[in-house]
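Asker: Quick one: sequence and predicted model below, then my questions.
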Amino acid sequence: MSILEKLKKISRKEPEIRHFCIQTIRFKKFLENARVLLDLFNDGREKVLGEYIFDRHYVVSLIDSVIERLGMMVYDASVLVPKSGETLYAMYDKHKLAAGNLIGFSASGNGGAISGSDTSEISLSAEPEYQLLSDVLRWFDGKEAPTGTTVMDFMKQAFFYVLQFDAIGGLESSDSMKNQSLFENSGVLASDMGIYLVDLWKDALALPEKRRAINDFNSVPLKHLLMDAGVKDVKSGPENIHNGASWVAAVSEYQLSLNTLKPDFQFRLETLASGYEQSDFIFIFADKSASLDSILPAGFHIESTDYGQLAWNLDVSVKTIEDSLMIIGRNLFN
Amino acid sequence: MSDQPLRIMVIDDENIVGKRLKPALEKTGDIVETFEEGEKALARFAQEPFDIVVTDIRMEKIDGIEILEQILATSGRTKVIIITGYATVEIAREALSKGAFDFIAKPFKPSDLRAIIERASRELRS
Amino acid sequence: MSNHPEKIVSYEKDYNFRFRYETLRSLLNKNGSALQILSDLEADLNHMRHYDKRIKRPIQRLITESLLMAQELNLMTEDHYSDLYEVIFQLRNKTDELFSDNQPDSDQPFVVRLDSQAGPEPELVGGKAFGIWRLKKYFKDLVLSGFIVTTAAYNRIIKDNNLQNRIRILLNNLDVTEDQSQFKSRTQTIRRMIRETTVSEEIKDSIKEEAELLDQAFPCRLWAVRSSAVCEDGKHSFAGQFDSELQIKTEDMVKAYLHVLASRFSDRAVKYRIHNNFSEVDTPMAVLFMPMVDPAAAGVVYTADIKDSDSDAIVISSVPGLANRMVKGEEQADTFLVSKGFPPTITRIIPAAGSTETVTDIDYIGNDKIAEIAEIAGRAVDKFGYELDIEWAVDRNGQVHFLQARQLNIGATDDPAIDKISQRKDTLPIIEGGMTIFPGRAEGPLKFLSPGDDLSGVPDGSVVLVEQPRPELASILPKIAALLVIEGNPVGHLATLVREFSVPCIFRLGENAKILPGKNIISVNATKRTVYAGIRWSGIRERVLARIAAGNRHQKKSGPLYDLVIGLNLLDPDASSFKAKSCKSVHDTLRFMHEMSVRSMFGFGDKQSRAWNKKSKKLLTGLPVKFQLIDLDQSVDKNLKNVAPENVGSLPFKALWRGISDSRLFWPERWEREMRGMPSDFKETVLGGNKGPRRASDKNYAIVARDYMNLNARFAYHYAMVDAMVGPGTEHNHVHFRFRGGGAADENRKRRARFLERVLREFGFGVDRSGDLVTAWFRRYPKKDSENALEFLGRLIVCARQLDATLKSDAAIKLYADYFIKELFEMFV
C-alpha cells in the first residue's frame, strides 16, 4: 500500500498527544546540543593541558562552534518555551559580543612573547594560542568571566527556563492534572505497570487500540531502566493523588524521556543511547530536595543551582548509559 | 623497531607545529628537520630525499598537494603524511589519490602522528 | 559575529522578526546537514547490506531532523503545513518496520577447508570455491585439498585498515565514460592500497597453519592462489575473471593473497561492476589456496556442445603444461570432441595448429586420459544437476585432477577455446589478418567513418570501420558491436579504451578492408582475426545488443529504502502536485520544506511577507538583474531604500557578487538594451529564446548578515539558491547551492544539470543531482576557500542561464565544462 493510500485510511483527527511527542523530540535536540556544548568545553580543557599541537585556528573554531551550538540551544528553548525566547536571545547576544571580543582582542597581538629563541623549552603559557585558549575557557566556565555570566551559567539558566521548575507553562504544566488527563485520555497507561508509556513515533500517528504492556515496547533504554524493577515497585512509592500512574515514559528505540507526575517530587531523566555520532546523552533534572547521590551511580557530575539540580555524564558510550540506567532504575523503583 | 633511524621532514608554516613536533619525534632516535617554507623544504628534499614527509595541506605560499606531488616525483618511495586543519572528504580524496600515505587532523597529539609514522616505516621496510 | 551594541538593541526591539529569521536559519541549516546525511547514505547503501544497523541510525536521524524542520516551517507559517507531520511519522514507522528483520553479524571463520564436512556458505567462500568444495565432496580423490580465506577475512582486512572509507572515497562519482584517466588513476590507487595493506596476525596465522598442514601432505611447496568472488548470480562469470597467482612459494602466500584481492579492482572488473550495477559490498572476495599440480597437460571440459544443441558431444580442450594462458585466450588449444555414450568415444580431434587434416591423437596426452576425463565429467553433471565447465589437469603421474567447476553458460561463450568448432569449410572470410586488440565475435551493419563525420549519427550495434584509431572514437565505444581499424598502433590510447570497453576489435586490417563498405552486414571474429560477409553465428547479434543495452541503461537504484528515504519524486515546485501529502520519501519532504520556507520568507502572496518587504532594500547595479536585500545587521541607514554592493556588509554576499559582476561575463539582456532599435526578429535570432525576466516574481531576494547569506534567484524559468556562512572559523562554514533550470526541453535541462554537476565537482563541491535539480555543498573550508567558492558560483549562475539552448549533445557537456573551468567565458553567449 502506498503512503497516500495509508494516509487516507487513517482518521483525519490527529492525536492530541502529537504535540507532546513533537516537543519531546525537540527537547531531545536541545539536550543533544547541550551535550555537544559540554563536550566542546571539555575538548578545550584537554587541549590546554599541553600535550596537543594546535594553532590559533583551532581556538577560533572552538569559539565559533560554541556560539553556534549555544545559538541552536537558545533556538530550541525558544520553541519549547516561547515566553522566554526574548530574554534568552538577549543574553545570547551578549555572549556573541564577548566571543567577538576574544577573537578580535587576541588578533591585535596580545599574548605573551615567546621566550628566547635559543632555548629548546617553550614556556607554554606564553604561547599566544594557549593564552587565548585559557581566556576562552574562563569565558566558558571560569570564576571571573568577562561578561558577567559564564556560558555554563547561561546554559544552566536555559535548562531551567525550559523545565519550568519555577512555574510558567512549558513542557509540563504546573497543573499536573491537565497532563495526567492527557495521558489518561490517550489510553497510554501500561497494563502491567503503573506508568504511562508513550511511543513517540507511533502514538503521534494514531492512538493505541489496545492496552499496552512494557514488553510490547522495543525501547532499549526503557528495558535497561526497568530491568530489575518488579511490577509492584513502580506502582508503589509516594502516594498518588489521583488514579492512574505517577510516572510517564516517552520512548523510541533509543530514546527515553522519563518524568514524574507527582507534585512533590520532581525528577526527570532524559537519555538517548543510539551509538550514533555525537547525539547520545544522559541528563537528570531534579528539585533541590532530591537526594541524587543515592539515585545516580558514580561518574555523574551533579550541579546544584537556585532552580534545582542538574546532573549529566560525559561518558556517553552506550554501555555506560545502559549500566547507569539499570542502577538508576533499581534505586528509583525499589 | 629497526636499526636505521628514519629521516623525517616536517613542513608547516605555523611555527609552533615544527617546534613541538621536532622534540616529540626525535625521542625515538629519528632525524627530524622542520621547515616553515615549502620552497625551502623542497630544495632540501631535492638535495637528499627523506623517508617520511609530514606536511600541512593548506599553507599561504604553497599548497600541500603541490608539495606532495613534487616529493613523490622526486622520490617515489617516500611516505607523505598530510596534516589538515579539518578533515574533509574532498581533501582526503585528493591527497589519497595523489599518493599520500595517510592524513591527520589538527589538533593532534604527537603520539598519534607517531603511530602513523610507524605504520609508514613498516611499509618502507617491507 | 556582531561587534556593535546598537545591533543588539535593534534585535530586542523586534523579537518576532528575530525569531522568524532564526527559524529560517535553523531550518536551512538542518536542510543542509540532512542533504549531507542523505548523500552519505546513498553512498553507504552501495557498500552495506541495506538493513545494516549502520544504515538505520542515520536514517532515524534524518527523519528526526525532518520532523523538526516541519515544526519550524509550521512556526513560520502558522501551521499551514501540519499535513507534513503525518507524512513524516509515517515514514519513520515504515522504515522502522523494514529494519525489524535484521541480519545479525556473526562470527565467521577466516579460513575454511576444502575438505570440511559441513558445506560452507557461498557468501563466505565465493562461488568458485563453493563449486570446488562441491566437486571435492563428490570426487574426493580428484580434487586436491586446499583452503579458502573467506570473505570474513576480507571484510576484516578492509575494516582494520579503514579501506572501506578510502575505497569508497576513491570510487565515488566515478564516471567511466567521461574521464578515463581519472578512472584509471583511481583504480590504480585502490590496487596499490590493497597490495600494501596490513593483514592481521590472526589471519596470517590461520593461513600459515593451513599451509603447514597441507605442506605435509603435498610437499610440492608451490601454491595456486585464486579469486573466488561472491557475485549476484552465477551467470556473471566474466566478473569473476580476476587474476590468479600461480606457483607461489609458501613464504609469499600472504603477498599473493593481497595481489589477488587487488585484482578485484582491475579497471575491467570495476567497470563491469559499475555497468552491471553490482555494489561493492555485495561482492566481497574470498581467495582459494590449492597446491599446484605440475601438469603434463591441462585444459577445460565443457560438458555440452554449446554450438550445436543437437550434438551429444563433450568438448575437451587441452594444452601441454599449465592452462592459464589458454583460459585467457592467449594460447590455442587442442580440442577433442567426445561422445557422451558409454564408454565415451572420441569422435574428432581438432589440433591447435589449425590443420584441418584428421588427427588421431595428440602427443602429450593419451586418448584414454581424455576418455577418462569425459567420463568423470559426465558423472559430475549428474551430481550437480546441470551442465558444467570444468578445469582439469593431468599430472606427471597420470593422475587426473579437477581444479574448478562452474555452471556452463549455454549461449554465452566468447570463449576462444570453443571457436574452432564453429569453423565451416564452406564459408570463407572476406578478410583475414591484422591484430586482435580485443577478442570476441560480433556482427552488425557496417559503418565507415571518415575523420570529421558526426559520431552521434552512428547507430547502436554497428560494426565501425575507420582508417586510423582516433581517440574521439572512445565516445561511441559503448554502443558499437565491433571496431575495425585499417592501420593503428596496438598500444595506443584507443586500443586501451577498446579493451576497457570490451569491444571486439581488430587493428591493422590493411588496405583490403576497403572492400567492406560495400557490404551491408558483416560478422567479425576478432579472436581469429577474420571478417565475413553476412550473418554467420546466430544469437551473437542479440548478445551484442544486450551488452550494449546493459551498458547504456542507467539502472534505477531501487529497494524499499530508496523509495522511502532517498528517491526524489517531487521535482517541480510549480506543479499542482507539489504538496505535503504528495511527499513519498524523506528527500521529498526536505525538498518541499525548503521550497516552502523560502516562499514564505519572501512572500509570493503571503501577508506575513509584507513585513519583510518593508525592510528590504534594492541593490543598485548596472547589471540587468534586480535584487532585494534584507540586511539583518542593518549596516546601512534603514531609511534608505537602496544600497550599493560595496556597502553591503555581508562577506558571503560580497564574494558571490564579485562572481556575478565579473566583467568577463556576458549578459544578453545588456545587448537587448543596446539593441532596442533593432527589428525584433533580429533580436530573437541573436538573443535566442531568452527575453529576460517575465514575471514580477522574477525578483531575486537575499537575506544577508555579516557572515551569512541566503539568496534566492529566480529569473525566467531558472531557480538558484545559495546559502552560505563564512566566518572566521571553519567548522560552520558552508556554501550550499541549489539549481533548478527550466524553460527548455527535458533533455537539454538534464544536460545543463550534468554540466553543473561536472563543473561543481571539479571545483571541489559535493554534488547530488536528481533529474534537473542540482544540489551542491562545500563545507568546512576556511574563509578564503569559501569566498572563492562563492565567486565561482556567481560566475556559474550567470553562465548557466543560457546553457540549455547551447548544450545540444552529450559531448557538449564536457566541452563547455572545460570552457568554464578554463575561464573562457566568451564561449557562454
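Answerer: Looks like it arrived, so ask away. Numbers count the residues shown, from 1 in each chain, chains lettered A, B, ... in the order given.
Asker: SS state for the residue nearest in space to the middle of chain B?
Answerer: Among the residues of chain B, B:V54 comes closest to the average C-alpha position under C-alpha atoms, centre = their mean, at 1.1 Å. At B:V54, secondary structure determined by DSSP: H, G, I helix; E, B strand; the rest coil is strand.
Asker: do C:V338 as well
Answerer: Applying three-state DSSP to C:V338 yields a three-state assignment of strand.
Asker: For it, which residues are in contact?
Answerer: Residues touching C:V338, when contacts are defined by C-beta atoms under 8 Å, 6 or more residues apart in numbering or on different chains, comprise C:313-316, C:344-347, C:370-371, C:374. Any C-beta I mention is one placed from the backbone N, CA and C, and that applies to glycine too.
Asker: how about a cut-off of 10 Å?
Answerer: The contact partners of C:V338, by C-beta atoms under 10 Å, 6 or more residues apart in numbering or on different chains, come to C:301, C:303, C:305, C:312-316, C:344-349, C:367, C:370-371, C:373-375, C:377-378.
Asker: Can you go through these and name the buried ones?
Answerer: A residue is treated as buried here by neighbour count (16 or more other C-beta atoms under 10 Å in any protein chain shown); on that basis the buried members of these are C:301, C:303, C:305, C:313-316, C:344, C:346, C:349, C:370-371, C:373-375, C:377-378.
Asker: Excluding chain neighbours, what is closest to the residue in chain B positioned nearest to chain A?
Answerer: Here chain B gets closest to chain A at one residue, B:P107, 3.5 Å apart by C-beta to the nearest C-beta. Of all residues beyond its chain neighbours, the one nearest B:P107 is A:F54 (3.5 Å), with distances taken as C-beta to C-beta, 6 or more residues apart in numbering or on different chains.
Asker: Please verify my assumption that that neighbour contacts B:R20.
Answerer: Yes - the pair A:F54 and B:R20 passes the contact test of C-beta atoms under 10 Å, sitting 9.4 Å apart.
Asker: Now do the shared contacts for those two.
Answerer: Joint contacts of A:F54 and B:R20 (C-beta under 10 Å, 6+ apart) are B:E14.
Asker: mind listing what the residue nearest to B:P107 touches?
Answerer: Taking C-beta under 10 Å, 6+ apart as the definition of contact, the neighbours of A:F54 are A:44, A:47-48, A:61-62, A:129-130, A:133, B:14, B:16-17, B:20, B:85, B:106-108.
Asker: Alpha carbons of stretch C:722-742, as CSV, please.
Answerer: Taking C-alpha atoms only, stretch C:722-742 is exported to CSV below (Å, rounded to 0.1, in the frame of the first residue of the first chain):
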residue,chain,number,x,y,z
VAL,C,722,22.7,30.0,-2.4
ASP,C,723,23.1,29.6,1.3
ALA,C,724,26.4,30.4,2.8
MET,C,725,28.1,31.0,6.1
VAL,C,726,31.6,32.4,6.0
GLY,C,727,33.0,33.1,9.4
PRO,C,728,36.4,33.2,10.9
GLY,C,729,36.4,29.6,11.9
THR,C,730,35.9,26.7,9.5
GLU,C,731,33.7,24.4,11.5
HIS,C,732,30.5,26.0,10.5
ASN,C,733,31.4,27.5,7.2
HIS,C,734,29.4,26.2,4.4
VAL,C,735,28.3,27.1,0.9
HIS,C,736,25.2,25.3,-0.3
PHE,C,737,23.9,25.7,-3.8
ARG,C,738,20.7,24.5,-5.4
PHE,C,739,19.8,25.0,-9.0
ARG,C,740,16.8,24.0,-11.0
GLY,C,741,16.6,25.0,-14.5
GLY,C,742,13.5,25.4,-16.6
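Asker: now C:E472: how far from C:K814?
Answerer: Distance of C:E472 to C:K814, computed by C-beta to C-beta, to the nearest Å: 11 Å.
Asker: For burial, what's the neighbour tally of C:P560?
Answerer: Residues within reach of C:P560, counting by other C-beta atoms under 10 Å in any protein chain shown, total 13.
Asker: Pull the contacting residues for the closest residue to it other than its chain neighbours.
Answerer: Beyond its immediate neighbours in the sequence, the residue positioned closest to C:P560 (C-beta to C-beta, 6+ apart) is C:L98, lying 5.6 Å away. Contact analysis of C:L98 by C-beta under 10 Å, 6+ apart lists C:50-51, C:55-56, C:59, C:559-561, C:564-565.
Asker: most surrounded residue in these?
Answerer: Of all these, the most densely surrounded is C:V565 (26 neighbours; neighbours counted as other C-beta under 10 Å).
Asker: and stretch C:763-783, how far apart are its ends?
Answerer: 16 Å (C-alpha to C-alpha, to the nearest Å).
Asker: That stretch: how far from the chain's middle?
Answerer: Using C-alpha atoms, centre = their mean, to the nearest Å, the distance from the centre of stretch C:763-783 to the centre of the chain it belongs to is 18 Å.
Asker: returning to that earlier point: sitting in helices, which of the buried ones among the contacts of C:V338 do you find?
Answerer: Secondary structure from DSSP state H places C:370-371, C:373-375, C:377-378 of the buried ones among the contacts of C:V338 in helices.
Asker: tell me the SS of whichever residue of the stretch 201-334 of chain A sits closest to chain C?
Answerer: Closest contact between the stretch 201-334 of chain A and chain C, by C-beta to the nearest C-beta, is at A:Y276 (3.9 Å). Using three-state DSSP, the structure places A:Y276 in coil.
Asker: what's the nearest residue to it if we skip its chain neighbours?
Answerer: C:R57 (3.9 Å).
Asker: Assumed the one you found was part of a helix.
Answerer: Yes - inclusion of C:R57 in a helix is indicated when three-state DSSP is applied.
Asker: Now do the longest helix seen in chain B, average pLDDT.
Answerer: Among all segments of chain B classified by DSSP H, the helix with the greatest residue count is helix B:110-125. The predicted model assigns helix B:110-125 a mean pLDDT of 85.
Asker: and the strand or helix carrying B:F45, C-alpha only, in CSV?
Answerer: With secondary structure defined by DSSP states H and E, B:F45 is part of helix B:38-47. The C-alpha coordinates for helix B:38-47 follow below in CSV (Å, rounded to 0.1, in the frame of the first residue of the first chain):
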residue,chain,number,x,y,z
GLY,B,38,57.6,24.9,1.3
GLU,B,39,60.1,26.1,-1.3
LYS,B,40,63.0,25.6,1.1
ALA,B,41,61.7,22.2,2.1
LEU,B,42,61.5,21.1,-1.5
ALA,B,43,65.0,22.4,-2.2
ARG,B,44,66.3,20.4,0.8
PHE,B,45,64.4,17.4,-0.3
ALA,B,46,66.0,17.6,-3.7
GLN,B,47,69.4,17.6,-2.2
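Asker: so does it get close to chain A?
Answerer: No - contact check for helix B:38-47 against chain A, using C-beta under 10 Å from any C-beta of the partner chain: none in range, with a minimum separation of 16.9 Å.
Asker: In terms of secondary structure, what does that helix contact?
Answerer: Applying 3 or more C-beta pairs under 10 Å, 6 or more residues apart in numbering or on different chains; DSSP states H and E, one finds that helix B:38-47 makes contact with strand B:7-11, strand B:31-35, strand B:52-56, helix B:64-74.
Asker: who does the first one pair up with?
Answerer: In this case it means strand B:7-11. Using DSSP bridges, strand B:7-11 pairs in its sheet with strand B:31-35 (parallel), strand B:52-56 (parallel).
Asker: Make TSV out of those strands and add mean pLDDT.
Answerer: Output for the strands paired with strand B:7-11, formatted as TSV (pLDDT from 0 to 100):
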stretch	mean pLDDT
strand B:31-35	94
strand B:52-56	93
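Asker: Point out the residues in chain B that sit beside chain A.
Answerer: Counting by C-beta under 10 Å from any C-beta, the residues of chain B close to chain A are B:12-24, B:56, B:58, B:83, B:85-86, B:104, B:106-113.
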